[in-house]
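Chemist: Using only what follows, build the 3D model:
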Amino acid sequence: MGITKDYLRFEHSGSCGCVASQNGAVVALTNVSCAATACEAVHVYNLRTADKIGEVCDSTKPATCLKLSSDKKWLAIGYSDGAIRLYDRESENPPVVFMGHRKAVNCLEFSTDGLTLASGGKDCTIILWDIVAERGLYRLNGHKDSVTQLQFVRNDQILISSSKDSFVKFWSCASQSCFYTIAENQSEIYSFALLRDESILVVATAEVELIVFELNWIKPEQSEDDAENKEPDTKKALTEKSEGIQELGNMANNFVRVNTRGKLLRQGKGRALQLVLSPDGKLLLCLGSDRAADFYRVFSEEETKSRITKKLKKAKKRAAGESDSSLVVTEDEIRKDVTILLTRIGDLSFEGMPSKTKFKCVDFSHDNVKAVNSMQEYKMFALTSTNSVLWIKTQFDPADNKISSQMLANMNKFGHRHDVRGLSVSNSNNAIVSCAGDELVVWSTHSLRPIANLSDEEVQEIVSVMFTVGDEYIITGSKGGSIGVWKLATTEMLESRTEHEGAIWALVELPDKSGFISASADKKVIFWTYQMVTEGTRKRMSVKKTKILELPDEALGCSITPNGKFLIVSLLNNTASVYFLDTLKFFVSLYGHSLPVTCVSSSPDSKLCVTGSADKSVKIWGLDFGDCHKSFHAHDDVVTAVMFMHESEEDVLFWSAGKDGKIKQWDAKKFRLVQTLDRHSAEIRAIVQTSNSNLLFSASHDKSLRCWQLTEEIIVLEEEEEMQREEDYERKLGNEEDAVPGESTEAEAGLATIKTSNALQAAENIIEAVDIVRNERVKSLDPNNKEEPHILIKTFNSKSLDHFILDTLMRARSSELERALLLVPFSHVHDILLSLSACAKQHYKVEFASRTALFLIKIHVMQLVATPESATVIEQLRKEMMQGIEDVREKVAFNFAALKLLQLDIEESSGNVFFSDLSAIDKKKADKKKQRKAIVKTVV
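Modeler: Numbers count the residues shown, from 1 in each chain. Here you go, the predicted model:
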């Protein structure tokens, strides 16, 4: 292909508009800052200054969840492709990448010591990851639907999981198995919360009730009979039917006894999405799928006893006034009331809260829980459905159970509350305006930050927008049929004209810049001209209606040829009509689409036009005779926008965008796909480009506005096709299951990682290293050989051939090593085991060599047993590795003892203690503080 006929690549250069994805998550970092998922990035906001202070973006797939470790050192982010990226907030090292889920990651949870990470995904699996070794530990299979939440309990020995399959499962991390399942619920479970030192479990389901369970944990030295006979602080209240079910479920369970306590009604009518416990454990917040967010007060054991006493007194007093003896209420009946454990006290609402705002995710600030007078004050960060993050202060009065909330700040200025429906670039290419709902936002094309926000109470649902000549004014069209004239300098609407009776879907400027046309769903195209009018002492621009074109059906889009000859209107009747612009006479009808034509654009040379339709196709038409030159099946969903690039010498290129979230570039002369831009995660509403076609902007339902920049990189179509085939192969590769010998495919526990392209590459490198070692050993037998060792051996600085194989193994990512070893054929395993044995004998990376050898023996045990020569290799491995591990242990013990002696020597000489028990020190300080308070009270 000649160099002049190659194409230049567009690359993603930035995005704006998305404050927080409504299906994402938010976590509190400090008392004033938080992190929130925003498409594929995670934004860090300072709510005190209402500004974005940071961003994490290392993926092209949308981020679905994030979690902060308890020590705030690690930040884990889960993505829609199943990847997990783990960031160390105390260093600038690249993130650790875990690949184990085949679908999106739903939830993440750190262990209390911060050394283990658990992840649950839409592929119904749970995976535990070793953060220190940067590898997967094991996979837990048992759920039949998406896993929704995870939590470690009992010093990280047990993991609790919930799923949409209506089950809550208890997993033993030691045995890697499920030892108990709560199966009483019949609907999907979205969240759960553990209260009062893990003794109460509250489950949020798709129903309007919260289910409360009581957990009685069995201590290791406590027998099962003792556990069953032990009466907890709050007695169990179960029906005969549930007692039978629980007794069967408790078989072979030596860890916990689970009893149903009751149900709590919610204010909301939809499903419950999230349960959030306050840092002090006194408040429980339940978010629903509707606007309702319920606050529940969690009573302590002392408060529960007090409530039982009060309720019993009231019941006895009430029964004393009744003659019927059957109305006598006993203490056991009162204990059955779940409200003695927790009760609803109010909802999350505040003054100025928008009517359509729904809370999607909330996280309490753990650094700022304080008492103001008799009120407990909490601060939280809330992610809303309207593309915003709110900073909320909540005050709770324990004396009378009153709760009130106040919004302190929001991040509304960084995006729209609704979907962007229209875009327009200024004539100077310095700004771009987007319209959504009842507001306009003007963005800088250089920094992608908002310059101005324009809104007016009289305007609602703006669906089209356009800059005028000079970029001083903006024209808008609304769904109600009104034309608005806005002045950018004062950010006010100067004029509103309602001439249409339906939505104005398109605004197009006339070629001579004297006015514009508006195409509407009322089957009209109206021509407007600009004029200056005087208001008091100032002049301003106004618009005047000049003529009207009646259409056979509703207009969905329109375009004017650059030479000013034709007006092309896309219609609801599956056609596009072409009219002469000067006389408005009908010229030709472009028919061929099977569904409504949603968009149209004309070429720079005025010879072609392209139409996009709801039938997912794009058609190229000649304007001389109205003939169809080519039809493409362009997208997997409705085509929402088409646009020709500005005139070039060689090619006639155009863009198409669809509800499949992809933007595609086509060659209108050679009839082929040039490139695909697919960073959006939802349907694309509008696209627009600068006058020189160097920048392309797109707006999507995911609330993001993205910028694509023309680069100097040349696209070779054959290479693009090959890359697409490789991507398809990698996608299929991840869905394949590797059968591990000796393990059932339906086992509860399995390998954590999945087969990826990186694992395949690592396996190829290992195979290549073994082949290189074989060749080098053959060469060494020739006394006349003078060739230098292989260049890779020199590159790795390996001291020997055995070291070279181990160095190659260590170059594989820890999280993908096991999967790579599964792909290595058995013919190469013998050489690897020999090299590992030699390395262990030389005390070279003994721990890693032992782990690798054990895994290889595990997956190839049947072949090794059947191969006689393998016996000597395994025996050699046993001796060398046991001796190597023992030497390492002795060395570690010796060094530890030496450090202990050094510590004691320094402490004796200096009189200072190196490591103190901080919890004991804090306890002493607290006791002293209490004593001081007591003394003050006594004196008073």
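Chemist: When you work out contacts or count neighbours from here on, use the C-alpha atoms and nothing else.
Modeler: Will do.
Chemist: Quick check: E134 touching S815?
Modeler: Yes - under the contact definition of C-alpha atoms under 8 Å, E134 touches S815, with a separation of 5.9 Å.
Chemist: can you pull out the helices in the stretch 401-550 of the chain?
Modeler: In the stretch 401-550 of the chain, no helices are found when defined by DSSP state H, counting those that start in this stretch.
Chemist: again with the chain
Modeler: Per DSSP state H, the chain carries helices over the ranges 224-229, 240-249, 301-320, 331-335, 717-735, 757-780, 791-796, 801-811, 817-823, 829-841, 846-859, 861-866, 870-910, 918-939.
Chemist: Of all those, which one is nearest A272?
Modeler: The stretch from those with the least distance to A272 (C-alpha to C-alpha) is helix 240-249; that distance is 24.1 Å.
Chemist: Which pLDDT does the model give the residue lying closest to T304 once chain neighbours are set aside?
Modeler: For T304, ignoring the flanking residues on the chain, the nearest one in space by C-alpha to C-alpha, 6 or more residues apart in numbering is I340 at 5.4 Å. In this prediction, I340 carries a pLDDT score of 89.
Chemist: Quick one: residues contacting I340.
Modeler: I340 makes contact with 299, 304, 307-308 under the criterion C-alpha atoms under 8 Å, 6 or more residues apart in numbering.
Chemist: Give me the distance between it and K282.
Modeler: For I340, the distance to K282 equals 14 Å [C-alpha to C-alpha, to the nearest Å].
Chemist: Touching both of those two, which residues are there?
Modeler: Between them, I340 and K282 share these contacting residues under C-alpha under 8 Å, 6+ apart: F299.
Chemist: Report the residue ranges of every domain in this structure.
Modeler: Split into domains by automatic domain parsing, the chain comes to 416-550, 562-568+582-727, 756-940.
Chemist: low pLDDT regions in the stretch 801-940 of the chain?
Modeler: Filtered on pLDDT under 70, the stretch 801-940 of the chain yields the residue ranges 914-940.
Chemist: one step back: among the domains of the chain, which is nearest F167?
Modeler: For the domains of the chain, the distance to F167 is smallest for domain 756-940, at 29.4 Å, taking C-alpha to C-alpha.
Chemist: ok so, going back, quick one: which of the contacts of I340 is nearest G661?
Modeler: The nearest one, if we look at those relative to G661 and count by C-alpha to C-alpha, is F299, at 48.6 Å.
Chemist: Do I have it right that that closest one meets I345?
Modeler: No - checked against C-alpha under 8 Å, the pair F299 and I345 is beyond contact range at 11.9 Å.
Chemist: Pick out whichever of those two has more residues nearby.
Modeler: Each of F299 and I345 had its neighbours counted (other C-alpha atoms under 10 Å), and the higher figure belongs to F299 (21 against 15).
Chemist: Next, find the distance separating that one from Q376.
Modeler: 15 Å.
Chemist: Also K360?
Modeler: K360 sits 24 Å away from Q376, going by C-alpha to C-alpha.
Chemist: Give me the nearest residue to A38, chain neighbours excluded.
Modeler: What sits nearest to A38 in space, not counting adjacent residues and going by C-alpha to C-alpha, 6+ apart, is A20, at 4.4 Å.
Chemist: for K479, that is, sorry about that
Modeler: By the measure of C-alpha to C-alpha, 6+ apart, the closest residue to K479 outside its immediate chain neighbours is A503, 3.9 Å from it.
Chemist: hang on, the earlier thing: using a markdown table, please lay out the helices of the chain together with mean neighbour count and distance to E55.
Modeler: Written out in a markdown table, the entries for the helices of the chain read as follows (neighbours: other C-alpha atoms under 10 Å; distance: least, C-alpha to C-alpha, whole Å):
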| stretch | mean neighbour count | distance to E55 |
| --- | --- | --- |
| helix 224-229 | 12 | 51 |
| helix 240-249 | 12 | 47 |
| helix 301-320 | 15 | 43 |
| helix 331-335 | 16 | 51 |
| helix 717-735 | 13 | 28 |
| helix 757-780 | 18 | 26 |
| helix 791-796 | 13 | 36 |
| helix 801-811 | 20 | 30 |
| helix 817-823 | 22 | 30 |
| helix 829-841 | 22 | 43 |
| helix 846-859 | 17 | 36 |
| helix 861-866 | 14 | 48 |
| helix 870-910 | 14 | 41 |
| helix 918-939 | 11 | 34 |
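Chemist: Any idea which of those helices gets closest to S464?
Modeler: Across the helices of the chain, closest to S464 is helix 717-735 (C-alpha to C-alpha), at 35.2 Å.
Chemist: Low-confidence ranges, the stretch 501-650 of the chain, go.
Modeler: Segments of the stretch 501-650 of the chain classed as low confidence (criterion: pLDDT under 70) are 648-650.
Chemist: measure stretch 76-84 end to end?
Modeler: Here stretch 76-84 reaches across 7 Å from its first residue to its last, counting by C-alpha to C-alpha.
Chemist: That stretch: how far from the chain's middle?
Modeler: Offset of stretch 76-84 from its chain centre (C-alpha atoms, centre = their mean, to the nearest Å): 7 Å.
Chemist: S15 is in contact with Q709, isn't it?
Modeler: No - the pair S15 and Q709 does not pass the contact test of C-alpha under 8 Å, sitting 11.6 Å apart.
Chemist: Just want to know which of the two has more residues nearby.
Modeler: The residue with the greater number of neighbours, taking S15 and Q709 and applying other C-alpha under 10 Å, is S15; the counts read 19 against 15.
Chemist: Pull up the gap between the more buried one and S814, please.
Modeler: The gap separating S15 from S814 is 33 Å, by C-alpha to C-alpha.
Chemist: What of L792?
Modeler: Taking C-alpha to C-alpha as the measure, L792 falls 21 Å from S814.
Chemist: again with R297
Modeler: According to C-alpha to C-alpha, R297 stands 45 Å off from S814.
Chemist: Going by how many neighbours each has, rank the two and give me the top one.
Modeler: R297 (21 against 18).
Chemist: residues of stretch 702-721 that come out buried?
Modeler: By 16 or more other C-alpha atoms under 10 Å, the buried positions in stretch 702-721 come out as 702-708, 715-717.
Chemist: scratch that, stretch 200-214 is what I was asking about
Modeler: Across stretch 200-214, burial judged by 16+ other C-alpha under 10 Å covers 200-214.
Chemist: Compute the first-to-last residue distance for it.
Modeler: End residues of stretch 200-214 are separated by 5 Å (C-alpha to C-alpha).
Chemist: Can you give the contact residues for it?
Modeler: Stretch 200-214 is contacted from outside by 187-195, 199, 215, 236, 258-275, 338, using C-alpha under 8 Å, 6+ apart.
Chemist: Contact partners for F167?
Modeler: The contact partners of F167, taken as C-alpha under 8 Å, 6+ apart, are 143, 181-185, 189.
Chemist: Which among those count as buried?
Modeler: Neighbour-count burial (16+ other C-alpha under 10 Å) applied to the contacts of F167 gives 143, 181-182, 189.
Chemist: I'd like these as TSV, with distance to A749 and pLDDT appended.
Modeler: Conversion of those to TSV gives the following (distance: C-alpha to C-alpha, whole Å; pLDDT from 0 to 100):
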residue	distance to A749	pLDDT
H143	12	93
T181	16	93
I182	20	93
I189	23	95
